[in-house]
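Novice: Sequence and predicted structure below; questions after.
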Amino acid sequence: MKTENLLLALTTSVVLTGVMIKTGKPESTETTVLHTQKAPEEQPCVFMSVMGEQPVAEYAQYKNDASLKNVVQKGEKWLVSAQNNDGGWGAGSHSNQGEMNPHAVQSDPATTAMAAMALYRMGYTTTKGPYQKQLSNALDYLLQQIETNKNSAYITQVRGTQIQRKLGENIDAALALQFLNQVAEKNPSRRVENAIQICVNKIEKSYDTNGKVNGAGWAGVLQSSFASSGLEQAKKNKNITVNEDKITAARNYQKSNYNTESNTAKTEDGAGIMLYAVSSSVRGSASEAKEAEELFTKAKAEGKIGKTAELNRENLQKIGISKEKAASYDVASKVYKAAKVQAMDNGVMNGFGNNGGEEFMSFLQTGESMLVKKDNDWKNWYDNVSGKLINIQNNNGSWNGHHCITSPVFCTATCLLILTIENDIHSFQK
């Protein structure tokens, strides 16, 4: 598919009367039956807040240095206490989502990676800080899972988890890759890099011809986005072999999910929900949009083009970028700018009625994407959603969902990643 034809408009039907969502997949068992009775008043919910189903406006008042520090410390303490004896953390099975005891569920790589990344973002590593042992055990758990399943389709034999069902069968490799990339950056070792290569290889094999990861869950567009960002980071490691064609295809897939002219997203791979597709488009285009802007800024400084010139396809070609690459950069820049605005729009954040919440990692992706792009517009939006998370933390320091993914471990890890996102500003902008 030519780059010029990547952005195709597609309408989607989201029914807000009652709780039914049309996913574009009639056979899906995830479609909730339409009902007409008045919905009961809902509890404040992590999923519904960060997925836009409950309002977040005006919640910035709850976010200040003192409240943030206290909330993060409570969450951190709870998360560490939830680690299993094997070094991992678990979200539990899709068939038993009511289980809230973190030690009553089996460890899985995806949840372990999220918990470990949360602790890393707070400044702890396998070699420093009070949680060296916990993080070393988590790393060992992940490495053992990956090495044991080197020749298997997936990096783990643990199947049917909440995370796999909602995001996709390959989500364990995608999230493990993101954590291992961070470990390799601070404390490189041959064993860690071998595990990274295994994850990269499995992810690359999982791509279809359109740049989408196979084995998608209910909101598979998110799995593809996480996999793509993991490959982008792994590519920076000179000891890791990453197929550039796979990255290009993945970028094109993410960009193709958003139409900049109509501000509409293809949502059939995102459970029929606009925010999933929008956040993935923002994430998928951020790195490429950043590349384009850096090249264009450099060209201005070198006098190759006027100081007031606009970044577009024609001007990119004027500074020496090939026609095909200029077209790709142009699309990425437009998708990023338009999807970013849409992701922060109250209509998207608050417009889904009373249906159950889904992976609030969409919020995390959008915030991280704006940091990748060195974007200043995220601050007010980030403060409001962070304030909401601060306000709905459980008394024991955890967070949990009331819809879809209910796991307190996965929710707590992701909330901590959101609340401490500012800690990784420089890392994202490298």
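Specialist: Yep, that arrived.

Novice: Could you use CA atoms for every contact and neighbour count after this?
Specialist: Noted.

Novice: Point out where this protein drops to low pLDDT.
Specialist: 1-64, 215-223, 254-288, 290, 327-381, 402-404, 424-430 (pLDDT under 70).

Novice: how about the strands of it, start to end?
Specialist: Secondary structure of the chain (DSSP state E): strands at 258-259, 264-265.

Novice: Flag every buried residue along stretch 94-101.
Specialist: 94, 97, 99-100 (16 or more other CA atoms under 10 Å).

Novice: Now tabulate the residues you listed in CSV and tack on distance to Ser398.
Specialist: Formatted as CSV, the buried residues of stretch 94-101 follow (distance: CA to CA, whole Å):
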residue, distance to Ser398
His94, 20
Gln97, 16
Glu99, 14
Met100, 11
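
Novice: Next one: the nearest residue to Thr112 once chain neighbours are set aside relative to Glu204, how far apart?
Specialist: Among residues not flanking Thr112 along the chain, Trp89 sits closest, at 4.6 Å (CA to CA, 6 or more residues apart in numbering). Look at Trp89 and Glu204: by CA to CA, to the nearest Å, they are 26 Å apart.

Novice: who has more neighbours, those two?
Specialist: Per other CA atoms under 10 Å, whichever of Trp89 and Glu204 has more neighbours is Trp89, with 30 against 22.

Novice: My read is that the more buried one contacts Thr111, right?
Specialist: Yes - taking CA atoms under 8 Å as the definition, Trp89 is a contact partner of Thr111 at 5.8 Å.

Novice: shared neighbours, these two?
Specialist: Residues within reach of Trp89 and of Thr111 at once, by CA atoms under 8 Å, 6 or more residues apart in numbering, are Val409.

Novice: and the nearest residue to Leu316 once chain neighbours are set aside, how many residues sit next to it?
Specialist: Once flanking residues are discounted, Leu316 sits nearest to Ala326: 5.5 Å by CA to CA, 6+ apart. Neighbours of Ala326 under the rule other CA under 10 Å: 23.

Novice: What separation is there between Ala326 and Val409?
Specialist: Relative to Val409, and taking CA to CA, Ala326 is found at 43 Å.

Novice: what's the answer for Pro109, then?
Specialist: 13 Å.

Novice: so what's Gly90 closest to, chain neighbours aside?
Specialist: Ser107 (3.9 Å).

Novice: Now the phi/psi pair for the one you found, please.
Specialist: phi -70, psi 150 (degrees, to the nearest 10).

Novice: wait, it sits on Ala82?
Specialist: No - if you go by CA under 8 Å, Ser107 and Ala82 don't touch, sitting 10.6 Å apart.

Novice: Would you mind listing the residues touching both of those two?
Specialist: The contact lists of Ser107 and Ala82 share Trp89, where a contact means CA under 8 Å, 6+ apart.

Novice: Show me which of those two is the more surrounded one.
Specialist: Ranked by neighbour count (other CA under 10 Å), Ser107 and Ala82 place Ser107 first, with 23 against 19.

Novice: Spit out the contact partners of that one.
Specialist: Ser107 touches 84, 86, 88-92, counting by CA under 8 Å, 6+ apart.

Novice: Just the buried residues from those, in ChimeraX please.
Specialist: Filtering the contacts of Ser107 down to the buried ones (16+ other CA under 10 Å) takes a single ChimeraX command:
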select :84,88,89,90,91,92
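
Novice: just the helices in the stretch 201-350 of the chain please.
Specialist: Assigned by DSSP state H, counting those that start in this stretch, the stretch 201-350 of the chain shows helices spanning 220-234, 244-256, 274-301, 313-318, 323-343, 346-349.

Novice: With the stretch 51-200 of the chain instead?
Specialist: 65-81, 109-121, 132-148, 162-167, 171-186, 190-206.

Novice: between those helices, which one is nearest to Tyr382?
Specialist: helix 65-81 (12.8 Å; CA to CA).

Novice: buried residues in that closest one?
Specialist: 68, 71-72, 74-76, 78-80.

Novice: nearest to Phe226, of these?
Specialist: Leu79 (22.3 Å).

Novice: so the closest one touches Thr412, yeah?
Specialist: Yes - counting by CA under 8 Å, Thr412 is a contact partner of Leu79 at 6.9 Å.

Novice: How far does stretch 145-163 stretch from one end to the other?
Specialist: Stretch 145-163 stretches 17 Å from its first residue to its last (CA to CA).

Novice: now the nearest residue to Val409 once chain neighbours are set aside: how far from Ala176?
Specialist: The spatially closest residue to Val409, leaving aside those adjacent along the chain, is Ala91, at 6.2 Å (CA to CA, 6+ apart). Using CA to CA, Ala91 is found at 15 Å from Ala176.

Novice: what comes up buried for stretch 189-200?
Specialist: By 16+ other CA under 10 Å, the buried positions in stretch 189-200 come out as 192-200.

Novice: and of those, the nearest to Asn252?
Specialist: Among the buried residues of stretch 189-200, and counting by CA to CA, the member closest to Asn252 is Val200, at 18.6 Å.

Novice: which residues touch the closest one?
Specialist: Counted by CA under 8 Å, 6+ apart, Val200 has contacts 173, 177, 231, 234, 242.

Novice: Looking at these, state which has the most neighbours.
Specialist: Result: Leu177 is most packed of those (other CA under 10 Å), 30 neighbours.

Novice: Am I right that that residue is in contact with Cys199?
Specialist: Yes - applying CA under 8 Å, one finds Leu177 in contact with Cys199, separated by 6.0 Å.
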